[in-house]
Structures are given as C-alpha cells and as structure tokens.
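Asks: Turn this into a structure:
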Amino acid sequence: MKTAYTNELVSAKSTAKPKALAPAPDYKNASLPHRSLPPSEEYVPVEQFVSVTISNYTNPQKNNGNGATPVKSGGYGSGNSQYRILLDCLRQRDDPPMLWKTLLALHNGPSVLGCITSFPETHAHLVHLIFRLDSFKPPVTLLEAAPLPVDPSSSSSSSSSRQAKKTPVSSRRMAAYRREKEEWDLTEARRKENVLYYESMKIADAHLRLVVALVSANCNFLVPGLEMMWRAIRVNGDDFDKRETRLHTAIATTLRLVPRGHLEIAPIIVRHAPHRNVDTAYVDHYARQCFTLLTYAPNLQGEVLKLLVNKALEFDVEIKVEDGGVVRLDEEEVEEKEEVFELEDDKEEKGSDRKERIVDVDEMADKLDSLMLGLFQYLQNHPPSKLYHLLLPIFTASILTTYKSKYVQFIMFVILGADAENNARQHTPLNSYLYRHFAALLINTILDPTNATIIRQTSACYLASFVSRANFVNVETVCETVAALLRWTEVYLSLNPMLGSEKTHVLFYTVTQAAFYIMCFRGKEAVAYFKSHGGGDEAGIIDVGRERWDYLCASVLCPMKYCLETVRREFLDLAETCDLLSPSLLHRLHLEEDKLRTPKKRKVTKITISGVKCKGGVGGLGSGHNPLDTFFPFDPYLLRRSFPHVETYYTDWKDDEDSDDESEAAEDDVNDSDCESESEYRHQNSGDTLAMSFTSTGSVLKEEIMALSVSHEDAFALTPQSKIQDQKQAWEEEVRQSQTHAIGNGSW
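Replies: Model (predicted):
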C-alpha cells in the first residue's frame, strides 16, 4: 500500500538544535494547595453529621441516645439511612457544595479517618466510592442547561391566522412566561455556580487531601490511591494544566510519606500504558507524564524507560514492509477471523477498507515518531553514561531480540553519540568512550558459543551497521572491529574446512558479510590507518591487510557468494581500489559476480543494473539478492520529527568519487535522476517517489529506500540466454524505462 509522498523529508538538514523537554516543576518539596473552608455555620453541621454517621456505622451496638435500632455492622437497616445519604452524596455528585463539605468533613472530622482506616472492611463501600470519585469533571446533569422557556410574543408556534389578525398575547400567558423565565434564570445561575466548584478545583483539592490522608494512615490503601491519581493523570483535556500540578504533587507527597509506593506505582504505570490503537496525542501525553514522574521519583527511571522502549517496539513491529514495497500493519490474525464470517456484500467494501488501512499505517508511524521524539528529548537532558547502563539491559533483552526492528535501536545510537561528543570536548582517553564498550559487547555476543545462532547473527548485523553509520566511531575502532571479525572467520575456517549447506554455515556468512559491509563504508580510512601503523606491527589487533582478505575470499565456503548483492559489488570495487585482494583472485571473483548478477528480466532500479557501479551504495539505497535475509539496523532513519536528534551523529552513504570510466559514462546518461548520497537521494526524489505518509505533519516512512530483491530461485539459476546477454544493451533498455523505486527485503 503506497501513499502520497510529502515534501517534508527527514533528510532535510535541520539548522536548529533539537529541542529538549521543558523543565518540569519541582515536585519533590511541593505541597497540595492550601485548603479553604466554607463558613462555619454551613460546615460545622455537616462535619457533625459525618462524624456521628461514621461512628455509629462503625459501632452499631453503641446506643447513640436517639433510640435507633442497632443493626449489623455493614448492613443497610433503617438505622443506617444517614450512612446511605453519605454514600449517595459521593456517588451522584450532583450537589457540589454538599460534596465539598462532605469531603472536608471526612478528612477533618473527629475520629472519622481513624474509624475508616481501622475498619476498612466495614467501610469498604465508602472507601470504594472515595477512590472512584471523579473530582475534576462535573456530572453530565450539571453540564446540560435546562431548555429556555419560549416567549409567547415571539413564538413560532403562533398560528398564521393570529399573526394576520395581530391578536395580542394574553396577560396571563405573559405572566406565566415571566415566572418561568425567572425560575430558569435562578436554576441556570445555580447550575453555573455548582459547575464552578469543579472548575475552581475546590472539590479536587479536598478529594486529593482526603486520599493522601487515607493512604498515609493505612498502607492497604496505597495501591488504590496511587491508581486513582494515575488514572486521573491519563485523561488529557483543556483544563489539564491545573490538574497536572495537583495530581503530581499528590503522588509526590504520597511517595514521600509512604516510600513503598515507589515499588507499587511501577506496575500501575505499566497497566495503564496506551494501547496501540489510541491516537498520537494520547501517546505523547502519556510519555510526558511518565517523564514528569521521573523528576521526583528518579529511582523509577529504569522501569519507565523499559516501558516506553517496549511500547515503541510495539509500534515499530506493527509496521510491516513486504517485498515489492507493500506497507501494512500486522493484522493477519484479525483478517483471518474476519474472512471466516465474511458475507458477499462485505467483499465490495474491501477497496475502502484498504484505503483506511493506509491511513492506519501512517498514524502508527506518527505514534512511533512522537514517542521516539519524547525519548530523545528526555535523553538529551541526562548524563549519557547513566542512561547507557540503564538501557543496555533493555537493549539486550528487548531490542536485540526483536526481529528487524527499524527505529527503536537508535536510542542507543544517540546515547553513544552524545557520550562521544562529551568525551571529545573533555579530551578523555579513547577507552572511556562508551561506543567501544558497546562494540565490544556485540563482538563478545558473536563469539559466545552459548548464545543462540540467531542472536549471534543479529549482533553481527548490529555491529556492522553501527560501526559503519556512526560518525563518532574513530578509525582505530573500525580496524579493531574488522580485525576481530576476520580472526573469528579464520578460526572458523580452520575448524570447518569442508563445504556444507548454506544453513550449516549461516553464522559464518553473516559475520563475513558484516566485515565486508564495514569496509564498504570505512574501508579506505581503515586501510590507510593500518598502513600508517606499520602493516600489522600491533599483533594483528588492527590487521586488515591483503593476506587476511585473500584467505577469507578464496576459502572453500565462498563467502562472497552468499553476500548481499550491493555489498558484494561495493567490496569488490573497494578491493580493486585499495589493493585488498590479489589480482588473480579479484579477477576470478569478478567473473563469479557476473554470473550472480540480477537477471535482466527483473525490474530493477539504477542501483542494481548490470554493468553499472552501485550508485548510492549499500544498506539503504539498493539491495539485490539477499540470501541470508539480512537487515542492517541503523539504515537511514526516516521518522521526520525525531530525525534531527539522529542526524548529528549519522553517516549517510556517499559513493566513491573515483569511479571507473564505464560507470561514469553510464551515470552521465541518468544524471538527472542519480544522486551522490542518501541525503541527496531523499531531496532529488521528493517529487516522483512514494512514501507512507499522507500528510506533511505525519511521519515519513519512505518506501523507495531499497531496490527490488530477486528470489532465491533466480539468483543462482540464470538461463544461458541471460548469461550471454550484452550488458550494455541491458543498460540502455533499462534507462528507457521509467524509474522505479520500491522496497526490497534486505534493508529492513
């Protein structure tokens, strides 16, 4: 499903620094607003009534001197009619002045709190109503005004004959109308006055004070009290600014009075997390409240970040990118259930349903973009080292194990970039940089034989993509990373000298492809750095010399054969430029490459056309055959609003300036549509390409990032005719076709 492309591409380089979250008020030492009491002549009778009612209901056998018949505690006999009145006041909420006085009396009345907290089972119904009370929103009966009386002199119901005769309205009818109008005015004024009790937060302040007092007096009320306050925080509205301060102050006060609340509130936050079908505004609101909570409860940082990262992953994996550029939500199970009961008439509505799902995809991307923006803004205000150690377990447990996550992993990318930026400013030693620890962690995961093969493969993809795309990773780390991967492949080849199936050596092929991929991006500077340090004088720690590549590429396992098509082509060009392979081996690999090229019958873009160097490069602008189903996690970040936080530390693919003559000649023919880098590609194709966003305010999940990939059957079974087909003729025919952009299965 392809949607209209927008001009607001994420590749547009932002000139302003990414905005950080606005500082939250200091809730650590905040207190609830000072309570205001009604006149004593109005309040004292209510307080006495509440106190006597609670006392009598708690001790029903005690004769209160009025001759009431004792009843069983918790019952609703005739002697408990007063208690029932108290419950109705809290349940109906249609008498705000009395509700306000009742809440104050429950808090301040003599021995009232003691009776409730000492006998919670007896007053279970009362406690339930207190914790379920909505003290911020007036009931519907108060929001709806009564119908205005009709003036008989201007009534439209007068008959035409009366209007023609101009018969005057009787004085009796006018007097009745005036009485009704006066009563309506009094009722409306009373209604507005009652609504003002809610809008002025009188009821809310009295209610929150009562809840905090109940929780501090009896820890059994801790969970329902915190849940009541967090449930109120979830609701966004026009008056939320007033509510936000009071609710967070109440939660902070509760956590300060009852430290155990730090353990109890974390499950509540998880339980009320937004569902994937809610709108973007609610997702943004919920994340902002979580970040505000962390200002006065910093020990919850790990739990809250884990929740938000997992929620972002949930949005991320919902967006599926299939072969051919089809973008959809992951609703296979729902669709299967719907098809079981599908009627003939329903089939006619499938077209409109598909259009609605396009919007759903764009909305899901916008939710992810909003949540990622909030996370980046939060990370910007905190030390990267602390956040790194908090998020590393989340990365290994959730992000690394998620199949083809597209964007959430950039949280680690930004943290490591910010840490490198701070260290460079302070001139700290290289080993203090966190990105070296991150790369070492991924290498150790690859080398650890106790890990599952799929985890080791994924770690290799993360390592290759991170080292290639992070502009803050220095060349020494690049050489050390590639050398470590080469050492592993050499040990593997010595232990597995016999040729086997592709599945048998899938980890070997993934690791070798990771080394090739890094060299495509950083190969020139890595080779130059290696040669400048004596060509291996450091015991192979940075050894990326020709002998190692010859040994690997000439092995019986043929790693180049199972490489991503564009990676293979770019590495061979690099090997020729930097003298990484012996001439005879390079010639043989070029001949094998000609046999493995994408067949002409495939509809491909300029990136995969035979005989032309891969303009635009690997892992983001062209794919071809992908036998390992590989993905590179740090491929271009395409969420528009949160992209400026990634842009500072990101490296776009840039093609080699020293192209061979054949490539230059071919590229000149398509100069209008060709691009030198991924960022230029985004700019120049903004008018004729397709993406996932309908609106300019939504997120851009650009569909034309990858070229079409060929099937496994076509990759190695070329027909004799295709083998001998003239490459130049194939290129000329392809140029005459309209340029096609789609997504393959390699980038994602």
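
Asks: in the protein, what secondary structure element scores lowest on mean pLDDT?
Replies: helix 712-715 (a mean of 32; mean pLDDT, DSSP states H and E).

Asks: Where does pLDDT dip in this protein?
Replies: Scanning the chain for pLDDT under 70 picks out the ranges 1-24, 61-79, 155-167, 169, 238, 321-359, 499-501, 535-540, 598-625, 655-748.

Asks: Mind jotting down where the strands sit in it?
Replies: 319-321, 327-329 (DSSP state E).

Asks: Tell me how far the closest residue to F49 other than its chain neighbours lies from Y57.
Replies: With CB to CB, 6 or more residues apart in numbering as the criterion, F49 has its nearest non-adjacent residue at 7.1 Å, and that residue is Q82. Every residue, glycine included, has its C-beta placed from N, CA and C. Noted for Q82: a distance of 8 Å to Y57, by CB to CB, to the nearest Å.

Asks: Same drill for the two, tell me which one is more crowded.
Replies: Y57 (23 against 15; other CB atoms under 10 Å).
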